[in-house]
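> Provided below are the primary sequence and the corresponding predicted coordinates.
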Number of protein chains: 2
Amino acid sequence: MVYTISEENYVKAIFHLTENGKSASTNQLAEALKAKPASITDMLKKLELKNLLHYEKYYGVTLTDNGKQLALSIIRKHRLWEYFLVNKLNINWTEVHEIAEQLEHVKSHLLIEQLDKYLGYPDFDPHGDPIPDSKGNIKEQEKTRLTLAAKNTELEICSVNSRNADFLEMLEMKKLQIGTCISIIKQYSFDKSLDVKLNKKTVNISEQLAKNIYVKIKG
Amino acid sequence: MVYTISEENYVKAIFHLTENGKSASTNQLAEALKAKPASITDMLKKLELKNLLHYEKYYGVTLTDNGKQLALSIIRKHRLWEYFLVNKLNINWTEVHEIAEQLEHVKSHLLIEQLDKYLGYPDFDPHGDPIPDSKGNIKEQEKTRLTLAAKNTELEICSVNSRNADFLEMLEMKKLQIGTCISIIKQYSFDKSLDVKLNKKTVNISEQLAKNIYVKIKG
DNA sequence: CCATATTTTTAGGTTAGCCTAAATTTTATT
DNA sequence: AATAAAATTTAGGCTAACCTAAAAATATGG
């Protein structure tokens, strides 16, 4: 079965909105896909007929196994292309998301398998998100929100959960990258910002920034 | 200005059909784009309004400078991607055309400039066709149809003008590749086939095959 | 140069994916 | 539990890009 770009975007959006275990609502999808709620309802009916999702009128939507497999294959393509753009073409990680949004819809099984091989079967994309393998399996890593991590412990930044260019640019400026090691030395109660040690220097991280950064304990 | 995939395909098709200096006809375009003549007429009217082409009812169509620039940028992307697919991902040249047909529509100036740099600014794609530079300039190479080339002269295969998989597969079998050196030792009047010397062996090339092969004199 | 064949255009229709406005259902509040 | 607010669906429309059938223009050949 071959799907349109629009259909693929719906399935991908539903996948992300239901990662928390809950079903996705029409309004959430409208927001994510930048379309009006009425358009979402239309499309959900169509995608249900194609056996990509379970849709219960007024109560939200979840993916079928079919839909999940499709979503994973799109996410796989997206993340492999991001890895390529950053690590081979030297494009800044602030810019790769948008380009990968287009590349993820290119249809060729051979292409993506050869790309994966060429890149050395990477496990994580430049934002630290896991890349599903060709069967749709994901290596999840244990990670904690930086806001909830322990003080005075060696931490490694392992992923970020926003693709916003202003956010990523700020990380660049502060030298906070995937793989960077830090430890929290002070948590301020007033504005919930953090002082962290980074290469012998101290950097302040606002709550807003910290909420989008995930870390794992080093070792 | 940003164009749809369909619009880009029209402009590309017109570019190729008018490379001989003549204007392109509705029927030719219908054939090239696998659409009905009536649909072509519709679209030509639209593209004329967008200043991509000159369309004279009943008498055919040519590109404006605007349209030519767009065509060249698409061809540039197509050929750079083909080069990438063959030389980096090791995908067989019989398969890359179709994949590049999709990749050529990905929109990102940065992407294509970085790709070009990464590939080392190649001048020719895997089929021997020239890759336009970022300004749309093409390095044309002097080439002769193998059917018209001189006998007993060292020749180098420099391009092929079909993307048909059966054709390319046949070249593979006969070890006829871009860069391969041959010389014609016999031209048969009966079926117009050729015997050529290739690495001390003699290979017979049918007229049909030879018509799609271009060579230049070695040196 | 007229009749026929071919090419092209026009007219009217379809589907996908979106929209707005209005109606309906669910959820929240008192 | 009644009503107000919010979310969702329905109904009816639009545009892009295709289609078929019929009409019109151009090309061909005796």
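Structure received. Since the structure is predicted, the reported quantities are computational estimates derived from the model, not experimental observations.

> Show me which residues of chain A are close to DNA strand D?
For chain A, the residues in contact with DNA strand D (CB under 7 Å from any atom of the strand) are A:25-28, A:37-38, A:40-42, A:44-45, A:55, A:57-58, A:60. C-betas here are computed from N, CA, C, even on glycine.

> So the longest helix out of those in chain A, near DNA strand C or not?
The helix that spans the most residues within chain A, counting by DSSP state H, is helix A:65-87. No. Helix A:65-87 lies out of reach of DNA strand C by CB under 7 Å from any atom of the strand, never closer than 13.8 Å.

> got a list of contacts for the helix or strand that comes right after that helix?
Sequence-wise, the next helix or strand downstream of helix A:65-87 (DSSP states H and E) is helix A:96-103. With contact meaning CB atoms under 8 Å, 6 or more residues apart in numbering or on different chains, helix A:96-103 is reached by A:77-79, A:81-82, A:85-86, A:91, A:126, A:163, B:103, B:106-108, B:110-111.

> and helix A:96-103, what's its mean pLDDT?
The pLDDT scores in helix A:96-103 average 98.

> Next, the angle from the helix or strand following that helix to helix A:96-103.
Sequence order places helix A:109-119 as the next helix or strand after helix A:96-103, per DSSP H and E. Inter-element angle recorded for helix A:109-119 and helix A:96-103: 150 degrees (by axes from the mean of the first three to the mean of the last three CA atoms, to 10 degrees).

> list the buried ones in helix A:109-119?
A:Leu111, A:Ile112, A:Gln114, A:Leu115, A:Asp116, A:Leu119 (16 or more other CB atoms under 10 Å in any protein chain shown).

> Using JSON lines, please lay out those residues together with distance to B:Glu156 and pLDDT.
Listed next are the buried residues of helix A:109-119 as JSON lines, based on distance: CB to CB, whole Å; pLDDT from 0 to 100:
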{"residue": "A:Leu111", "distance to B:Glu156": "30", "pLDDT": "98"}
{"residue": "A:Ile112", "distance to B:Glu156": "35", "pLDDT": "98"}
{"residue": "A:Gln114", "distance to B:Glu156": "29", "pLDDT": "98"}
{"residue": "A:Leu115", "distance to B:Glu156": "32", "pLDDT": "98"}
{"residue": "A:Asp116", "distance to B:Glu156": "35", "pLDDT": "98"}
{"residue": "A:Leu119", "distance to B:Glu156": "34", "pLDDT": "98"}
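
> any idea which of the contacts of helix A:96-103 is closest to DNA strand D?
Distance to DNA strand D, by CB to the nearest atom of the strand, is smallest for B:Lys107 among the contacts of helix A:96-103, at 14.2 Å.

> now the closest one: how far from DNA strand C?
Distance, B:Lys107 to DNA strand C, using CB to the nearest atom of the strand, to the nearest Å: 17 Å.
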